[in-house]
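Enquirer: Provided below are the primary sequence and the corresponding predicted coordinates.
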Amino acid sequence: MFREFKNILNINWIYIFIVFMIFWIGEINLYSAAGGSLDPWASNQLVRFLFFLPLFFLIIMLEPKFIFNFAELFLILVLIGLITTLIFGYTGMGATRWIRIAGFNLQVSEFTKIALVIFMAKYFHKLNSEKTIGLFKSILPLFISILFFILVAIQPDLGTAVIILALGLVVIFYAGIKIIYPLLSIGLILSISPILWTFLKPYQQNRIQIFLNPDLDPLGKGYHIIQSKIAIGSGGLKGNGFMEGSQSSLDFLPEKETDFVFAIFSEQFGFTGSILLILLFFIMFLIPVLKTYKLTQVFSKIILFVLSFKIFFEFLINISMTIGILPVVGVALPFMSYGGSSLLSNLIICALLLNFMSINEKKRMFS
Amino acid sequence: MEKNKTSEDSIKILNRRSFIIIIFGAILSLLVSLRLFSLQVINFNFYKKKSVENKLSIKLTPPLRGDIYDSKKNLLAGSSSLYEFVVFKNLSKDYLDEIKKLDSLIKLKLNFGEISNQLKKYNEYSGFSLSRASWKQIVEFEKNKFLFNSIKIIESKKRYYPYQNFSQIIGYMGQPTQSSELYSKGVFHLERSYEKHLRGKPGKIFSEVNAKGKTIREISIEKSIKGNDLDLTLDLTLQNYAQSQLPSDKKGSIVVISVSDGSILSMNSNPTFDAQIFEDRENNKIKDLLNDDQKPLFNRAFSGFYPPGSVFKPISALVGLQRNLIDSKKEVFCKGHSSLGDRNYYCWKKKGHGKVNLRKAIKESCDVYFYELAKKTNIDDIASLSSNLGLNKEYDIGLSNIGKGLVPSKKWKKAFLDESWYQGETLITCIGQGYNQTSPLQLATLYSAILNGGKYPIPKIDKNVPTKFTGKLLNNEHQQIIINSLNAVVQEPRGTAHKLSISNPELVKIGGKTGTSQVIRIKESEREDDQYKSKEIEERFKDHSVFVGYAPYDKPKYIASVIIENGGSGSAVAAPIAHKVLDFAFKNNV
């Protein structure tokens, strides 16, 4: 089940350094969001991080084969988890997103992303003899992606649901579906989107309308976007300086510790800081991706590429929300937003990435 | 081998797709970066301003309003403390319940629905004033203070008017009518016209607030600046005395001005009101006041216009003298009436005054003498001299609803009634009836003009306004004839107000002129006849009693102009009041 210990010395230390650095930037950011206090966010998040760290290294040490073998089990576990959430879930802020396990509130949808990618990686790995993948072979992964999308969307958690669906589609695309099908789907989605619109809950429609024009509701739902843009815009080129963000310290930014942490960051560190952060995330994305070019096994390629993409994608979606180019749908900023499930799932992903990056590939490794 | 090849092809596809997705990610990152550039670099100033606006709160603190004093620095309008029940939403979640509790405990009779509506939108850190608190209510509240976490008693300022006799001059304050107005402002009379002078400058507290409006720190404080004080020419004691002399059951007015500089020393109107009820928000009293038939808000001294009656006669006489239409020594025979065309114009004294010269005509108020003069007079000369002597003018001294009145002219009649002028109308105009409309303040000014020889000081009420003279000089000889005659009215037997000298010899000696202002145009033949004089005539159709006098008669210092509505003849009612008020002014050297 576990690899030899010397493998731990072969892991990509640069990558692990970048992960820890981003987490540390997040910690500093949470500290400033609380007005220069570890309490309540920074210290909690640090405790979680330290608590998760053993698991992180444990996953690095796992035999990749073990992950390959249990891909279906992981999928079934999150499926059970999602159904349990819907039935016994803990309701907060109008949504049933959490289940309590051993005193922790766990957001199963976060782990769904990982399980789905692992499962689909295995699925396409087994099909790797086929040059391009036809529609028929894509139906099962597509069906599962849509099933998970629905299970999460009815919690309701549209943001996570969309990410799950997007990841499923990215795997299918990456695995080599004929290019005609994605193009057809985009056309189809655009043409039926007016019908989809009617399926959205009124509050979801509302969010999208207000996204398109925040001034429709400057004190209500549009308030988030308006205040976030003010925070970011007022940061300017160089930023107001550490702990000098008035939008944050005077509470003008709602949800500043979760979905809007980027606004806090950008208000303090400005355009320069924001671009550096984007570069950091982009490098973090590319390190596992570059490794994929050296690999020949479809399973590890998909794991490395899509899971690395997941973190970068969520990062982009999150900051696009805070700067008003995407509707506010509730996607956390990896390693920087306050929250246990997001931190845990991203640490698991990074551990998996480190694990697969250190593979000495042998033929027929996964079968 | 074949299988291996396809597998390698498949890896190539994965790598190609990987490249596409990286490009897609890079494009997204670029878009995000461009957006950030737009927000943080291009539109930095816009968002910086928004951010400063967000956190900066400017709270205005009302300035203390300037005080108003009489000429001897007695306070007529000042500021006093008041206490209010103020609710702060941030202090307790149960603020609505607490308001209900307070209402039932102290019987504030609050409009709960409206208050809770307004409170919903209210910033939770700014106090919302529920109601004024009386001492009794404060005591009751303090006893039960433990019940109320969100309600406090807060001190603020209100206008304080110690003497109600000044309400009709000083006016009162009104609640803000627009959201941009932060505190009450003067809405009537001097409070209104001197608003800018009295208001002062609000203080500003600049502070940093958080999203909920809670002050985080004060950045700077600009202190409020008290408004300027206003010193009036009025005299507290005279104003109060004059008010006491007005018959309480009759509408009327007394104006006392100073001959030398036009200062208004007192200006009363009956009935009057108490401006304090507006400040104390005594809504029932305010409602009664606004609905009162007697119109207590109406100051008859400058808003009340009446035909001046015989008080007007000096103007006719001066026109006659200026135009050489009369010789002051030449006598006219009064047989009780005079005729023009086929109409008779009657003297008030039916049996006639016999031989009458100018002096006797004024002293005994002979109408026929003035009819004869009027037959030769151009009405436009009357109008022009009237204007020169202070009538037909609106004095811009800061009082609301101050009127202009009317002295008719040919042009006026053409313009307003679209009729030509008849000489018969000149006859009744010359004795102060007809279209003539003057206010008591204007009549006082007219006599000031006569006593000052034509160039007279414009009336003033603001002590710090420099005295300004206006008008054209009169011929000195003409002026003396008129003044001698006016002195004779009181000082000589058979003068219409000679009774004053007899019944009150101890009072200051005055000169003046009586007048009777007709309320309805009864037939000329009925004027002053027995039937009309009888008390059976309905009160509201009775003549107004008019008197304008000055004291002391040999060296005039004060002028009093009195009208008592439906009072009857001038000599009987208005003259004794004027005499007493002039005496008071003289003896107290106001």
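Expert: Structure received.
Enquirer: name the residue of the stretch 401-550 of chain B that lies nearest to chain A.
Expert: For the stretch 401-550 of chain B and chain A, the shortest gap (Cβ to the nearest Cβ) falls at residue B:401, measuring 45.2 Å. (C-beta placed from N, C-alpha, C; glycine too.)
Enquirer: what about that residue, how many neighbours?
Expert: When counting by other Cβ atoms under 10 Å in any protein chain shown, one arrives at 12 neighbours for residue B:401.
Enquirer: please name the residues that touch it.
Expert: Counting by Cβ atoms under 8 Å, 6 or more residues apart in numbering or on different chains, residue B:401 touches B:298-299, B:302-303.
Enquirer: of those, closest to chain A?
Expert: Closest to chain A out of those is residue B:298 (48.4 Å), distances taken as Cβ to the nearest Cβ.
Enquirer: ok, back up a step: how about the secondary structure of the residue of the stretch 401-550 of chain B closest to chain A?
Expert: coil (DSSP: H, G, I helix; E, B strand; the rest coil).
Enquirer: got a pLDDT number for it?
Expert: As predicted, residue B:401 sits at a pLDDT of 86.
Enquirer: now residue B:422
Expert: At residue B:422, pLDDT is 88.
Enquirer: likewise the one 10 residues further on?
Expert: Per-residue pLDDT puts residue B:432 at 89.
Enquirer: what's the burial count for the closest residue to it other than its chain neighbours?
Expert: The shortest distance from residue B:432 to any non-neighbouring residue, by Cβ to Cβ, 6 or more residues apart in numbering or on different chains, is to residue B:312 (3.0 Å). Residues near residue B:312, counting by other Cβ under 10 Å, number 30.
Enquirer: what does residue B:122 give?
Expert: For residue B:122, the neighbour count with other Cβ under 10 Å is 16.
Enquirer: list the contacts for residue A:197?
Expert: residue A:205.
Enquirer: pretty sure residue B:132 belongs to a strand, no?
Expert: Yes. The assignment for residue B:132 by three-state DSSP puts it in a strand.
Enquirer: could you give the bridge partners of it?
Expert: Beta-bridge pairing for residue B:132 (DSSP bridges): residue B:84.
Enquirer: list the contacts of it.
Expert: B:82-85, B:280-281.
Enquirer: and which of the residues you listed is nearest to residue A:296?
Expert: Lowest distance from residue A:296 to the contacts of residue B:132 (Cβ to Cβ) belongs to residue B:85, with 81.4 Å.
Enquirer: give me the nearest residue to that closest one, chain neighbours excluded.
Expert: residue B:130 (4.4 Å).
Enquirer: per-residue pLDDT of the one you found, please?
Expert: Here the pLDDT value assigned to residue B:130 is 81.
Enquirer: hmm, back to that, can I get the contacts of residue B:132 in JSON lines including neighbour count?
Expert: Below are the contacts of residue B:132 laid out as JSON lines (neighbours: other Cβ atoms under 10 Å in any protein chain shown):
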{"residue": "B:82", "neighbour count": "18"}
{"residue": "B:83", "neighbour count": "16"}
{"residue": "B:84", "neighbour count": "17"}
{"residue": "B:85", "neighbour count": "25"}
{"residue": "B:280", "neighbour count": "17"}
{"residue": "B:281", "neighbour count": "13"}
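Enquirer: picking that back up, just flag the most distant two among the contacts of residue B:401.
Expert: By the measure Cβ to Cβ, B:298 and B:302 form the most distant pair in the contacts of residue B:401, at 10.1 Å.
Enquirer: so which of the two has more stuff around it?
Expert: Ranked by neighbour count (other Cβ under 10 Å), residue B:298 and residue B:302 place residue B:302 first, with 28 against 18.
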